[in-house]
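Enquirer: what's the 3D shape of this:
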Amino acid sequence: MRRLLPHPLITLALTVVWLLLVNSADSGQIVLGLLLGWAIPLFTLRFWPDTPRIHRPLALLRFIVRVLGDIVTANLTVARLILGRPERLRPVFVSVPLALKSDLAISLLANTLCLTPGTVSSRLSLDRQYLLVHTLDTADPDELAATIKARYEAPLQEIFERC
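Expert: Modelled structure (predicted):
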């Protein structure tokens, strides 16, 4: 079964994304979405080093809800900052030490920060021990690093790295 459907969750996610992109739930679009959701993971299987293992599915759900909430909040905050007094912004680069070891978890952390308005992950150190993050407005870089570690890194570590 694993050979025919290597990544069932990705198949489902790609199907949902397809239906959202075409803005239709017609039977033909559902079949096409399922076909794409099945074919893409199947044909890209050799590029996947290993199958991601989710140790805590409920923690993943909580993480997704947290990130979506943070995206909405950050959009409002950035809009207020930009429409207010942009000359008062305090942009800064912050080096965030990483406890994450898996490539997938590090990638998800970097992408989560890019999805949240006001922050951008800029660079991963060669030894993968630090992530350089640019923020639009921060008074205390150490507090921002601690917040990133607590809100995003710790749940990702729980989801993907702890057995």
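Enquirer: show me the domain layout of this structure.
Expert: 8-47, 57-160 (automatic domain parsing).
Enquirer: and the longest one, how far apart are its ends?
Expert: From its first residue to its last, domain 57-160 covers 10 Å (CA to CA, to the nearest Å).
Enquirer: again with the first one
Expert: End-to-end distance of domain 8-47: 17 Å, with CA to CA as the criterion.
Enquirer: and it, average pLDDT?
Expert: For domain 8-47, mean pLDDT rounds to 90.
Enquirer: please apply the same query to the longest one.
Expert: For domain 57-160, the mean per-residue pLDDT is 93.
Enquirer: where is the longest helix in this protein?
Expert: helix 57-83 (DSSP state H).
Enquirer: coming back round to it: and the domains of the chain, which is most packed in?
Expert: Most buried of these by mean neighbour count (mean count of other CB atoms under 10 Å) is domain 57-160; its value is a mean of 15. To be clear about C-beta, it is placed using only N, CA and C from the backbone, and glycine gets the same treatment.
Enquirer: next SSE downstream of the longest helix of the chain?
Expert: Per DSSP states H and E, the first helix or strand lying C-terminal to helix 57-83 is strand 92-97.
Enquirer: Val120 belongs to a strand?
Expert: Yes - counting by DSSP: H, G, I helix; E, B strand; the rest coil, Val120 falls inside a strand.
Enquirer: once you drop chain neighbours, what's closest to it?
Expert: Leaving aside its sequence neighbours, Val120 sits nearest to His134 (CB to CB, 6 or more residues apart in numbering; 4.8 Å).
Enquirer: part of a strand, is the one you found?
Expert: Yes - assignment of His134 by three-state DSSP places it within a strand.
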